[in-house]
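Undergrad: Based on what follows, work out the 3D shape:
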Amino acid sequence: MALAAGFGIEYVAGLGDGAPVPVWWSDVAYATAMAATAPAILPGAWKGLAHDRTLGINALIAFATLAAVALGEWSEGATVAVLFVVGEAIEGFTFARTRGAVSSLRDAIPATARVISGDGTARDVAVSEISTGTRVAVQPGGWIPIDGIVIEGTAAVNQAPLTGESLPVDRAPGDEVLAGTVNLDGFLVVETSRAFDATAVASIARVAGSALNGSTRNQRLIQHFARWYTPVVIALAVAVGFVAPLALGEPVTEWFGRALVLVLVACPCALLMAAPIAIVAAVGNASRHGVVIRSAAALEAAGMVDAVAFDKTGTITHGTLDVVDVLAVNPDLADETSVLSLAAAVEARSEHPVGLAIARAGAYSAHLTHGVDRFRAVAGSGVAAVVGGRAVMVGRAGWLTSLGIDVSRIEGEIERYERAGRRAVVVGAALTPGGEVLTIGTIALADRIRPEATEAIEALRAGRIRTVRMISGDAIPAAQSIAGAARIAPEDVRAGLMPDGKVAAVRELQSIPGVRAVAMVGDGINDAPALAAATVGIAIGSSSAAIAREAADVTIVSDDLRRVPWFLNLAARTRRTIATNVVLALGIKLVVLVLATLGYANLWLAIIADTGATVLVALNGSRLIFRGRGDVRPVSMAASSVA
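TA: Next comes the predicted model:
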């Protein structure tokens, strides 16, 4: 309101300067402009002087405005006040937009959810009171109120409000859905997997809020510098305004004008705004696109990252086994379809990850088999059953050999699979009811690489990231296979690691000469120590372990690995923007300080140095809130020059 009034009155006053109206009209208009902006300036000035005993920005602006009036410079006094309010308004808009982006998502989620009881009845329950394992009904077009697994129904779900994904995703029984997303077109029954306070949307609201209130090392240095800078310049202004004219025997009026210029330049508005406005804009942008930044310090550190370590399982890969090859020993007796269908029929009763993958892959052909009887599982070895009257065994080659089954014909293929990092199981079956069990084939399984992994890693490597490594607890062949597909060099793979080994691998990266900061990207419980040890820990994926999210400095809600270079690029731009703002704020002021001391700067130049620089810094920093989601371009080398 004060801003609009100030601008309007300044405009009217400007017309009076050259129009055929009384000269005093301009002074009245300028005085009214100053009065209109006073509520935005004077309370802060009084608080700083009376309560905090500090000479704050508001006090300096108030003093400069009154001093300009004392010199008869009504237009300059009004301009100082109005432009100061402009800078404050831009800063306020950026903060409000960021907080709005965070709070609007949580506010959009209904306060209650439709809970289905064990007897089938439904009732509304406060979202905050819903516990894990509760069944919740979600109507078409409704917001999903809590994280969970779909147990009934299918629907397209819009995840853009939470993760920034532009296209809806299909969800069916067994798929995860997240609080803060929208059910577009189907009725769903969701079994909750975590309490609301532990959901991704609650984390965004809580963590992003704390990031806005935190400060970075550079920000603290700027604040410390400003505490010394302002009193020094004020002392210089006193010397210029009173000591110099007395010593030189010249009129006080001229030197007082120079002192007023110094007072205006002394206001550290632009300098103090250099970091906060950029950080707030970046945090707001990240929050709107599913990147939860725990603190402003984490954002600052991410801007220095030049080495990245990725976990393999669940991060670069999907984290689940899939059947990638089926080999029949004698296709005339049992072809690939028969091998897979027999194995799937037995493994349908297994809960082992290998068995689940085979059952899932063979579901389309398992109907060719008959009933399954006498199922048994041998821990660490395999499973056996009678399928359609014929004995069938699925498991490790050594186990089948110990049972007297000859696997020599496929030993070479098993070795080839294992060298490629694949898991091989042997399928043995009796060709006739009651007949001898023979080896009929082998099935190879592997964890598949995420389709966007290579693009994300290449985006990192093509920019300022010097080293990209993969650290994994998996066996060396499996790790090397995935690393090759992701275009990570063999020498940058560390495999077979326990959690403490992953920490050591992160420390190794940190010890490389020239590496300033290391980011660790992971999702599992065993990644938590390494995430905590890294300069910046990044937990990725909505299903990442809770302990990983707690240990990390940043959580990327989406499973899309391309968000890693996107975030690091945003952090680098934030750091570069802060550096630019500091250079602008100090550079302009230092030039005008010299000119003012020599008597070559007037009030208008001082206004440009102070409030003009403040507006410029505010506009430059606020640009970070508009960075697009889909930008996965390589991180600019220019960002690495900002220490």
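
Undergrad: Residue 346 is in contact with residue 388, isn't it?
TA: No. Contact criterion C-beta atoms under 8 Å: residue 346 and residue 388 do not qualify, at 11.3 Å. Every C-beta, even on glycine, is put in place using the N, C-alpha and C of the backbone.

Undergrad: and the two? which has more neighbours close in?
TA: The residue with more neighbours, out of residue 346 and residue 388, is residue 346; 30 against 14, by other C-beta atoms under 10 Å.

Undergrad: So what's the residue count around the residue nearest to residue 431 when sequence neighbours are not counted?
TA: Closest residue in space to residue 431, ignoring its immediate chain neighbours: residue 333 at 6.2 Å, by C-beta to C-beta, 6 or more residues apart in numbering. Residue 333 has 13 neighbours, counted by other C-beta under 10 Å.

Undergrad: can you check the one 4 residues further on too?
TA: Counted by other C-beta under 10 Å, the residues lying close to residue 337 total 14.

Undergrad: Assumed residue 156 was part of a strand.
TA: Yes. Membership of residue 156 in a strand is supported by DSSP: H, G, I helix; E, B strand; the rest coil.

Undergrad: residue ranges with poor pLDDT in the stretch 401-550 of the chain?
TA: 542-546 (pLDDT under 70).

Undergrad: the strands in it, which residues?
TA: 423-430, 437-449, 467-471, 493-494, 517-522, 536-540 (DSSP state E, counting those that start in this stretch).

Undergrad: right, and these - which one's nearest residue 622?
TA: Checking these against residue 622 by C-beta to C-beta gives strand 536-540 as the closest, at 24.2 Å.

Undergrad: Could you please name the strands the closest one pairs with and the direction of each pair?
TA: Strand 536-540 has the following sheet partners, assigned by DSSP bridges: strand 517-522 (parallel), strand 554-556 (parallel).

Undergrad: Quick check: end-to-end length of stretch 488-507?
TA: Distance across stretch 488-507, first residue to last, is 19 Å (C-alpha to C-alpha, to the nearest Å).

Undergrad: For that stretch, give me every contacting residue.
TA: 309-312, 457, 467-476, 478-480, 483-484, 508, 518, 520, 526-530, 533-534 (C-beta atoms under 8 Å, 6 or more residues apart in numbering).

Undergrad: Point out the ones among those that are inside helices.
TA: Assigned to helices by DSSP state H, the following of the contacts of stretch 488-507 qualify: 457, 476, 478-480, 483-484, 508, 528-530, 533.

Undergrad: and of those residues, the nearest to residue 350?
TA: residue 478 (21.2 Å).

Undergrad: Where do the strands of the stretch 201-350 of the chain begin and end?
TA: Using DSSP E, counting those that start in this stretch, strands in the stretch 201-350 of the chain cover 291-293, 305-311, 317-328.

Undergrad: Kindly export the last one (C-alpha atoms) in CSV.
TA: The C-alpha coordinates for strand 317-328 follow below in CSV (Å, rounded to 0.1, in the frame of the first residue of the first chain):
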residue,chain,number,x,y,z
THR,A,317,19.2,-49.3,-10.7
HIS,A,318,15.6,-50.0,-9.9
GLY,A,319,16.6,-52.2,-7.0
THR,A,320,14.5,-55.2,-8.0
LEU,A,321,15.6,-58.3,-9.9
ASP,A,322,14.1,-59.0,-13.4
VAL,A,323,14.5,-62.0,-15.7
VAL,A,324,16.8,-61.0,-18.5
ASP,A,325,17.5,-64.3,-20.2
VAL,A,326,16.1,-67.9,-20.4
LEU,A,327,18.2,-70.7,-21.8
ALA,A,328,16.8,-74.2,-22.7
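
Undergrad: Mind listing residues that contact that strand?
TA: Contact with strand 317-328 is made by 313, 334-336, 338-340, 353-354, 356-358, 360-362, 410, 413, 417, 422-423, 440-450, 453, 482, 523, as judged by C-beta under 8 Å, 6+ apart.

Undergrad: Tell me the buried residues in it?
TA: Within strand 317-328, the residues that qualify as buried are 317-319, 321, 323-328, counting by 16 or more other C-beta atoms under 10 Å.

Undergrad: got the angle between it and helix 476-485?
TA: 110 degrees (axes from the mean of the first three to the mean of the last three C-alpha atoms, to 10 degrees).

Undergrad: Please compute how far stretch 250-263 lies from its chain's middle.
TA: 51 Å (C-alpha atoms, centre = their mean, to the nearest Å).

Undergrad: Sorry, slip of the keys, the one I care about is stretch 423-438.
TA: 51 Å.

Undergrad: distance between the ends of that stretch?
TA: 21 Å.

Undergrad: How many residues are close by residue 412?
TA: The burial count for residue 412: 9, using other C-beta under 10 Å.

Undergrad: how near is it to residue 418?
TA: Going from residue 412 to residue 418 by C-beta to C-beta, to the nearest Å gives 11 Å.

Undergrad: do the same with residue 502
TA: For residue 502, the distance to residue 418 - C-beta to C-beta - is 23 Å.

Undergrad: Using the record's domain definitions, break this structure down for me.
TA: 1-103, 109-207, 294-317+450-572, 319-448 (automatic domain parsing).

Undergrad: about what we covered before: I'd like the strands of the stretch 201-350 of the chain as JSON lines, with mean pLDDT appended.
TA: As requested, those are exported to JSON lines (pLDDT from 0 to 100):
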{"stretch": "strand 291-293", "mean pLDDT": "84"}
{"stretch": "strand 305-311", "mean pLDDT": "94"}
{"stretch": "strand 317-328", "mean pLDDT": "88"}
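
Undergrad: okay if I get those strands as JSON lines plus distance to residue 78?
TA: Formatted as JSON lines, those follow (distance: least, C-beta to C-beta, whole Å):
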{"stretch": "strand 291-293", "distance to residue 78": "40"}
{"stretch": "strand 305-311", "distance to residue 78": "47"}
{"stretch": "strand 317-328", "distance to residue 78": "63"}
